[in-house]
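Peer 1: no sequence for this one, just the structure:
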DNA sequence: CGGTAAACGAGACGGTACGTCGTGTCTTTGA
DNA sequence: TCAAAGACACGACGTACCGTCTCGTTTACCG
């Protein structure tokens, strides 16, 4: 335990474990207050009372710190409530995502996607630790639905996930229309029942 | 009208149209060569042999110039080829979009979306002059399909467009999977026929 | 001759005399308000409601306009009052100069000398139209004093004028000590009677 | 004390003395090559291979750097040679000043006086570190002369110094006449013996 | 008396320098 | 021996003026 982490120290001043926390907290606060432009190394260092080299020791640039702070802040995903049927759970899940997207967390998500466009390393981290993780829920539900016969079994799961999630991200990023529960319902309905004329089936 | 734009000139030396062209060409070249980070006011000014104030007179910052250059470069949208049925034309259209997205133009589109995240004015311009314009094609086809009975008439057109376009943008921005003709076909198929088990109908 | 200045005009619209006045007034006001740094071509043009080329048609740069405005403002030299003896008149004259130097006109004089240091053309104009003109008075008095035997006849007049005027300019420019009537008296006394021990003679 | 300047260092990397030297050398070279107009922050930074903030950390503007460079370059005042009588030493001293004034150092002195006219802080620095320091020599000689009875004891020392130095500065700044040994002699003769008719005494 | 040529105001042009900010690296002192 | 503090070289930012240029307009003269 503590002897395990302490005994590694050879000599000199030990790393300050709290520094990491303070850095991420500072980055998070700056991100919320002034957007990605406010998350500069200098501002983080000042706010966290930390030397710039201390930050550079762990992250290569300010965007990376912002990403780390973002991931830290959003890692607590609300576990799905699956009662009442797989498709109902899927609907609830997407509604929750949409709701999140209309808060500051949504704004930050958009900023992280933006930051990732100019930095492939950042893109990879974001993909693995945010996108893929948040798709887990949807993927599990889709697979359940396939197993339960509520959904076709010949589907490309990844494409299906894109079909469901992408419209939310699209509206988040483009801002051309609101994402509310009605929009989520419309998307789910269209996706499930298809655009062709047909008899809509109940969920 | 042309009189509307021409007659505005009040007094003083009129703007130099060639300077504007050189600025946009320089911005475009810089964008292609080094991404959005390379599109700095100083670099544009140097490359276009233009004073910085000349740029600031028309655009408020480097991103705005990049956006203008991007829009200039992408305004020539290939008109749709509608022979062979509405749904086939829709498929061809989305395939063309996907193809564009795998070129430098796609990269630039992603960068513009990224830039728009921190600048609402930029976002507006991008929405109006790129997103909305490129949806025109899809919207026209969907409306034709509705009129022709190939597609349900109770659809929310905007949501439907999102359902079709968003997956492409999503993959462009997240890069978690390729967008190829197969992906487009999968998306179209899923969207048209729905995720539920059913008898697929021919296009 | 008037024909000499007027007849030069070949054709076209003649110069606007009022524009010249407005330019000089604007330059003068700017000089008084913000020192030489405020006298910029753009500020003059704006304030005088004049195009920049109109200014450049007559003066080569902003300092030259400032100099012209300064000379215009100071050309009205108070004629000397010579009653009560030549030396008394000389004393009154120098006191008057010192008094002028403690006003804004003195400040401006210093600024003009400063401006002249980096522009030989300006230096020449200042020398001819200000320095030499203001020395006329002193020169006349000295020559009278020589003629009247109150002052040695073997003097180099120019050097003598320097001896009397320079201390005032020096204090104006360096600001190491005030110039008041007492200082003028001290200088005159020392200059007339010499630094060596002797019996002082009455004026 | 050296402890006074050294012990101030609180924390962080100390200032780089070599950067300071390079900055002053660059400023000095630029001043000599192109006058005060050539001493721009950008040119200094480029020439000294120094970032602009490094310069701004110590000086508020380009003139201040020029002044510092000037003072650095002129701080080595030739100590006076007092053999052969106080008045002879005074004459030699003033001749030396005049000689200096006809070199580039004189040009620079004039430029510094000019720069000081628009910047009271600069004026103060110039007064203290140049004018007052260079008057020390004259003041000491005058005081010796007073003590030795070669000069009147009722003199205002400051005014007397002005009487002797000012004509040199005046000709330096106005450029209306040369300053040579003859001029210095004329000034000294006139100042010592006075302008009134009298029997000139030998030095 | 109508044409023409120069001066007018306005303001855009290509530039230079400003003073500030952030970058990522380095070099101190202090813990 | 590592952390904070902060100086370093660099380079982009957005602004202010420079001195030149091009507009459309005005105003005297000369043919």
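Peer 2: It's in. From a predicted model like this one, the values you see are computed outputs, not experimental measurements.
Peer 1: State the number of residues packed around the closest residue to chain B within chain A.
Peer 2: Closest to chain B within chain A is residue A:194: 2.7 Å, counting by Cβ to the nearest Cβ. Backbone N, C-alpha and C define where each C-beta goes, glycine included. Residues contacting residue A:194 under the criterion other Cβ atoms under 10 Å in any protein chain shown number 23.
Peer 1: Over to residue A:131?
Peer 2: For residue A:131, the neighbour count with other Cβ under 10 Å is 21.
Peer 1: Can you give me the distance of the residue of chain A closest to chain B to residue B:93?
Peer 2: Per Cβ to Cβ, to the nearest Å, residue A:194 is found 19 Å from residue B:93.
Peer 1: The residue of chain A closest to chain B against residue B:196, yeah?
Peer 2: Yes: taking contacts as Cβ atoms under 8 Å, residue A:194 lies within contact range of residue B:196: 7.5 Å.
Peer 1: List the residues that contact the residue nearest the centre of chain A.
Peer 2: Centre of chain A computed as the mean C-alpha position; nearest residue by Cα atoms, centre = their mean is residue A:130, 3.8 Å away. Contact partners of residue A:130, counting by Cβ atoms under 8 Å, 6 or more residues apart in numbering or on different chains, are A:70-71, A:74, A:109, A:112.
Peer 1: And the residues you listed, which is the shakiest by pLDDT?
Peer 2: pLDDT across the contacts of residue A:130 is at its lowest for residue A:74, which sits at 90.
Peer 1: can you tell me which helix or strand the residue lying closest to residue A:180 once chain neighbours are set aside belongs to?
Peer 2: Sequence neighbours aside, residue A:98 is the residue nearest to residue A:180 in space, at 7.0 Å (criterion: Cβ to Cβ, 6 or more residues apart in numbering or on different chains). In this structure, residue A:98 is located in helix A:86-101 according to DSSP states H and E.
Peer 1: Give me the residues contacting the helix or strand following that helix.
Peer 2: Note on helix A:86-101: by DSSP H and E, the next helix or strand toward the C-terminus is helix A:104-116. For helix A:104-116, the surrounding residues in contact (Cβ under 8 Å, 6+ apart) are A:31-32, A:35-36, A:63, A:66-67, A:70, A:73-74, A:100-101, A:122-123, A:126-127, A:130, A:169, A:172-173, B:113-115, B:117-118, B:173-174.
Peer 1: do the same with stretch A:89-98
Peer 2: Residues outside stretch A:89-98 that contact it (Cβ under 8 Å, 6+ apart) are A:78, A:80-83, A:134, A:137-138, A:141-142, A:145, A:164-165, A:168, A:179-181, A:183-185, A:187-188, A:203.
Peer 1: Return a ChimeraX selection command for the buried portion of those.
Peer 2: Applied in ChimeraX, the following selects the buried portion of these according to 16 or more other Cβ atoms under 10 Å in any protein chain shown:
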select /A:80,82,134,137,138,141,142,145,164,165,168,179,183,184,187,188
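Peer 1: what ranges do the strands span in chain A?
Peer 2: Counting by DSSP state E, no segments of chain A form strands.
Peer 1: All the helices of it, in order from the start?
Peer 2: Defined through DSSP state H, the helices belonging to chain A, from first to last, are A:2-6, A:17-34, A:41-48, A:52-56, A:62-74, A:86-101, A:104-116, A:120-126, A:132-148, A:157-174, A:181-193.
Peer 1: Arrange those in CSV, one row each, with distance to DNA strand F as further columns.
Peer 2: Shown next, in CSV, are these (distance: least, Cβ to the nearest atom of the strand, whole Å):
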stretch, distance to DNA strand F
helix A:2-6, 13
helix A:17-34, 4
helix A:41-48, 7
helix A:52-56, 4
helix A:62-74, 14
helix A:86-101, 28
helix A:104-116, 17
helix A:120-126, 20
helix A:132-148, 29
helix A:157-174, 23
helix A:181-193, 35
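Peer 1: Could you tell me the least trusted of these?
Peer 2: Ranked by mean pLDDT, these end with helix A:2-6 in last place, scoring a mean of 37.
Peer 1: I'd like to know how far residue A:197 sits from residue D:13.
Peer 2: Remark: distance between residue A:197 and residue D:13 (Cβ to Cβ) = 74 Å.
Peer 1: Look at these two and report which has more neighbours.
Peer 2: Of the pair residue A:197 and residue D:13, residue A:197 is the one with more neighbours under other Cβ under 10 Å, namely 13 against 6.
Peer 1: which residues touch the nearest residue to the more buried one once chain neighbours are set aside?
Peer 2: Of all residues beyond its chain neighbours, the one nearest residue A:197 is residue B:152 (5.1 Å), with distances taken as Cβ to Cβ, 6+ apart. Each residue near residue B:152 by Cβ under 8 Å, 6+ apart is listed here: A:195-198, B:146.
Peer 1: Could you tell me which of the residues you listed count as buried?
Peer 2: Among the contacts of residue B:152, those classed as buried by neighbour count (16+ other Cβ under 10 Å) are A:195-196, B:146.
Peer 1: picking that back up, give me the buried positions along the helix holding residue A:98.
Peer 2: Of the residues in helix A:86-101, A:86-87, A:89-98, A:100-101 count as buried by neighbour count, 16+ other Cβ under 10 Å.
Peer 1: do the same with stretch A:148-168
Peer 2: Buried positions in stretch A:148-168, judged by neighbour count with 16+ other Cβ under 10 Å: A:150-152, A:155-156, A:159-168.
Peer 1: What is the end-to-end distance of that stretch?
Peer 2: Between the start and the finish of stretch A:148-168 there is a gap of 26 Å, counting by Cα to Cα, to the nearest Å.
Peer 1: Can you give the contact residues for stretch A:49-66?
Peer 2: Residues from elsewhere that reach stretch A:49-66, judged by Cβ under 8 Å, 6+ apart: A:19-20, A:22-24, A:26-27, A:31, A:36, A:39-42, A:44-45, A:48, A:68, A:111-112, A:115, A:119, A:121-122, A:125.
Peer 1: how about a cut-off of 7 Å?
Peer 2: By Cβ atoms under 7 Å, 6 or more residues apart in numbering or on different chains, the list of residues contacting stretch A:49-66 from outside reads A:19, A:22-23, A:27, A:31, A:36, A:39-41, A:44-45, A:68, A:115, A:119, A:122.
Peer 1: Mind checking which of these are buried?
Peer 2: Buried residues within the contacts of stretch A:49-66, defined by neighbour count using 16+ other Cβ under 10 Å: A:19, A:22-23, A:27, A:31, A:36, A:39-40, A:44-45, A:68, A:115, A:119, A:122.
Peer 1: Could you save these as JSON lines and add columns showing distance to residue A:58?
Peer 2: Written out in JSON lines, the entries for these read as follows (distance: Cβ to Cβ, whole Å):
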{"residue": "A:19", "distance to residue A:58": "9"}
{"residue": "A:22", "distance to residue A:58": "12"}
{"residue": "A:23", "distance to residue A:58": "8"}
{"residue": "A:27", "distance to residue A:58": "12"}
{"residue": "A:31", "distance to residue A:58": "17"}
{"residue": "A:36", "distance to residue A:58": "19"}
{"residue": "A:39", "distance to residue A:58": "15"}
{"residue": "A:40", "distance to residue A:58": "16"}
{"residue": "A:44", "distance to residue A:58": "12"}
{"residue": "A:45", "distance to residue A:58": "13"}
{"residue": "A:68", "distance to residue A:58": "8"}
{"residue": "A:115", "distance to residue A:58": "17"}
{"residue": "A:119", "distance to residue A:58": "16"}
{"residue": "A:122", "distance to residue A:58": "14"}
